[in-house]
Structures are given as C-alpha cells and as structure tokens.
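Colleague: Sharing a model that was predicted from the sequence below.
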Protein chains: 2
Amino acid sequence: MGKPLDEAGLDTIFRTARTYNGYTDQPVSEADIRGIYDLLKMGPTSANQHPARFIWCMSDAAKEKLAACAMDSNADKIRKAPVSVVIGMDEDFHEQLPWLFPHADARSWFLRDEAGRKEHAMRNSSLQGAYFIIAARALGLDTGPMSGFDAEKVNAAFFADQPKVKVNFISTLGHGDPDSVFDRSPRPDFDKFNRIA
Amino acid sequence: MGKPLDEAGLDTIFRTARTYNGYTDQPVSEADIRGIYDLLKMGPTSANQHPARFIWCMSDAAKEKLAACAMDSNADKIRKAPVSVVIGMDEDFHEQLPWLFPHADARSWFLRDEAGRKEHAMRNSSLQGAYFIIAARALGLDTGPMSGFDAEKVNAAFFADQPKVKVNFISTLGHGDPDSVFDRSPRPDFDKFNRIA
C-alpha cells in the first residue's frame, strides 16, 4: 500500500548499493545509529520476537576488542571503520514476549523448546540484520557485513554478562569509500533459483 | 553512497509498512514477481551464497498444496492471497559457489562442514527473506510472512525432488487490504536492546 520507490530509491537500497571494505572520514554519530534502529525495528519478526541485540562499537577500545576476534583482513576493516557493529541474538527472547506480543501467551510456545528458540532466534535476528543493512542504506550510509570471525571469542568479549545472547554476524558502518569496493559477484537469473507453481 | 530516501520512501519500506492478513482483488503478475527477485538478488549474502530458493504459488492448486501444510488461520490466508511464497534454503549451496564466487575456492570452505552449511543456509536465506519483504514493499506490494506451518509437510510437498532444500519460512504477497491489518505490536526503545561501546 506504500508509494513505490522511485529509481533513485531502488538504487539506494538494492541496485547500486554495495558492500564496502573501507569508508571516508565522514563521521557516524549516535543520532545516525539511533535513526537506523528506529527504522529497522519497524521490520517484521515472527510473533514480534525482536531477538536481535546490537552492540555499536564507536570507541577505539571497542573496535579493537572486536578486531581481535576477526579473521585476516576483517580485523583491519573493523579498526578503521567509523562504527563496527555486533549483531547478536537472544536465545531466551521468549522472556520478552509478554510485553512484545501482549495479545497471546507467546512465551509459553517457546518455554520448553530450546531447539525451537535457537532456530527462531537465528531466523529472526537475521531478518533484523538485513533490516539493519537496508535501513543504513536508506539513510545514506553503507555497511560491510562479515561472517569471518571467531564466534566464541565475540561471545566472550561482548556477551559474557548475557550467556544466552550469541553473535549472529558482524558489520562495519560508515560512508563508503568507492575505491574500497570489489567487482560485483554474479547474480542468478530468475530461472536458476525460482519456480512459479 | 546512495541518495537517502525521502520520508515517503522510508514509510514505504519501514515506517508505515505492515504485515497483511488479506489482500485486495488487484492481481500480482509474473512480471511483478520477477521484478521483486531482480531487486532482492542484489542484497548481500556471505560469500555470495544465495542459498534461498523461492517457489511462487500462483495457481489455486499450488496454494491449496501449501495451505494443507499451514496451521489454523494461515491456511485461509494462503488460499485467498494473490500469491503465496515458499522461501526455501539449499543446504548444499556450496555446490553453486564455483560460479557465484569465482575468485576463491569457497566451495572447499564448506565441503566437510555440514553443520556450518546448515547455519549459513539459515542465516543467509533469512537475509534474503528480509530482502524479499523489503523489495516487495519498494515496488508497492505487501507481504504476510508466516512461521506457522509444518516444515516436514512443506518439504515433502515442494522439495521432494531436492532433498537438501528445506523451507525457511512462507509468506503471502499482494496488494494489502488495510482492513486486514492488526494493531501494531510494541516496538522497543533503543536502550532496551542496543548498547553503544
């Protein structure tokens, strides 16, 4: 029911947007970060779970702590980015459902299903991770999502006080430096991975 | 580096967009579906994995087959929607990496790591599921994503010929009927699930 985006809007969030390996000196403020969250939190999650937990590393000390958990060239990207972000997930998200999903006893659906909680936390925090990427782009910022890190180390460094929160993935955030972008990897034709039934 | 979206654009993809339980009679064409995929496939996945496999149920027979796998009121939503979509994931996505990620031997990273493949398939097909939701909205369409279904039944009904492809979640797609929308569930304040470090 929304007004369709114009061509420039489609470019911004999908078509010409890229994953960045480096950023310009233009800073990212706490207001920018709050603006991203205010958008991304509007994206849907199953039973309004909101399992994602975000740590926005703005200080050199926090970025250094995250860089120490990352593989190869990722460490340097994390150190140099204006902000580096840990996208975590709370595997006990069901404890929040009484206020997040007040019109049903959704907590009870997950109470005795630890495997189901882990699956839902992964699925829905990944949805929220994608909303983070798109929301940043929609506000004129860029991201560099990464899976190359030691999850145990990230959990110990950032979630030691919350043992049921685990890292899902990490990302850099800033105003992308066009010189830091790789050539775009191939994209599949529709018929490769889609079926009309 | 993209031009930030205007207020109407932010409304379309996040702020006033909603999950719909019913749709108007306005049809959805195969061209619409291809347009959604052409956008969503531009969204980033780890090592360009593209693990998502989409089945777009347009025929009554296909929608009936999916409805038979769904719980409670979801069955009726699936039958009545212009299109109902199965978002699957290929747990053997690594077999495609030689052409999707040609500049490194990424297939070898996953070859002996079945648990890692399952985790990456779930994470990255969920990212792609979120891109599907946002791409549909960006083109003026609406979705109704759902987790309430019997996964074993969906796999048997739609992926019997591809045993390594599993359903992640399902969704309806169409032009949303505003009367079908529930009140919006609460959204967390920034300080609830975020930390600046």
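Modeller: Thanks, I have it.

Colleague: Identify the residues contacting A:A130.
Modeller: The contact partners of A:A130, by Cβ atoms under 8 Å, 6 or more residues apart in numbering or on different chains, come to A:43, B:43, B:126-131, B:134. Every residue, glycine included, has its C-beta placed from N, CA and C.

Colleague: rerun that using 7 Å as the cut-off
Modeller: Residues counted as contacts of A:A130 (Cβ atoms under 7 Å, 6 or more residues apart in numbering or on different chains) are B:43, B:127, B:130-131.

Colleague: Can you tell me the element it falls in?
Modeller: helix A:114-138 (DSSP states H and E).

Colleague: what's the angle from that helix to helix B:114-138?
Modeller: 50 degrees (axes from the mean of the first three to the mean of the last three Cα atoms, to 10 degrees).

Colleague: what is the mean pLDDT for the next helix or strand after helix A:114-138?
Modeller: The helix or strand immediately downstream of helix A:114-138 is strand A:142-146, counting by DSSP H and E. Here strand A:142-146 scores 98 as its mean pLDDT.

Colleague: At which residues are the helices of chain A located?
Modeller: A:7-10, A:30-40, A:60-67, A:74-80, A:97-100, A:106-110, A:114-138, A:151-158, A:190-193 (DSSP state H).

Colleague: Out of the ones you listed, which is the most enclosed?
Modeller: Burial of the helices of chain A is given as mean neighbour count (mean count of other Cβ atoms under 10 Å in any protein chain shown); helix A:114-138 ranks first at a mean of 23.

Colleague: residue closest to the middle of chain A?
Modeller: For chain A, A:G129 is the residue whose C-alpha lies nearest the centre (Cα atoms, centre = their mean; 2.8 Å).

Colleague: ok so, going back, of the helices of chain A, which is nearest B:V86?
Modeller: The closest of these to B:V86 is helix A:190-193. By Cβ to Cβ, the value is 12.2 Å.

Colleague: residue ranges with poor pLDDT in chain A?
Modeller: Along chain A, segments meeting pLDDT under 70 span A:1.

Colleague: do that again at 90, thanks
Modeller: For chain A, the stretches flagged by pLDDT under 90 are A:1-2, A:72.

Colleague: So in it, which strand runs the longest?
Modeller: Criterion DSSP state E: the longest strand present in chain A is strand A:165-174.

Colleague: Surely A:S59 touches B:A197?
Modeller: Yes: counting by Cβ atoms under 7 Å, A:S59 touches B:A197, with 6.3 Å between them.

Colleague: More neighbours: which of the two?
Modeller: Neighbours per residue (other Cβ atoms under 10 Å in any protein chain shown) separate A:S59 from B:A197, with B:A197 holding more: 17 against 11.

Colleague: what's the closest non-adjacent residue to that one?
Modeller: Nearest non-adjacent residue to B:A197, counting by Cβ to Cβ, 6 or more residues apart in numbering or on different chains: A:A62, 3.6 Å away.

Colleague: on that earlier part again, could you list which residues are in contact with the residue nearest to the centre of chain A?
Modeller: A:G129 touches A:52, A:87, A:168-169, B:127, counting by Cβ under 7 Å, 6+ apart.

Colleague: Going by neighbour count, which of those comes out on top?
Modeller: Counting by other Cβ under 10 Å, top hit in these: A:A52 with 29 neighbours.
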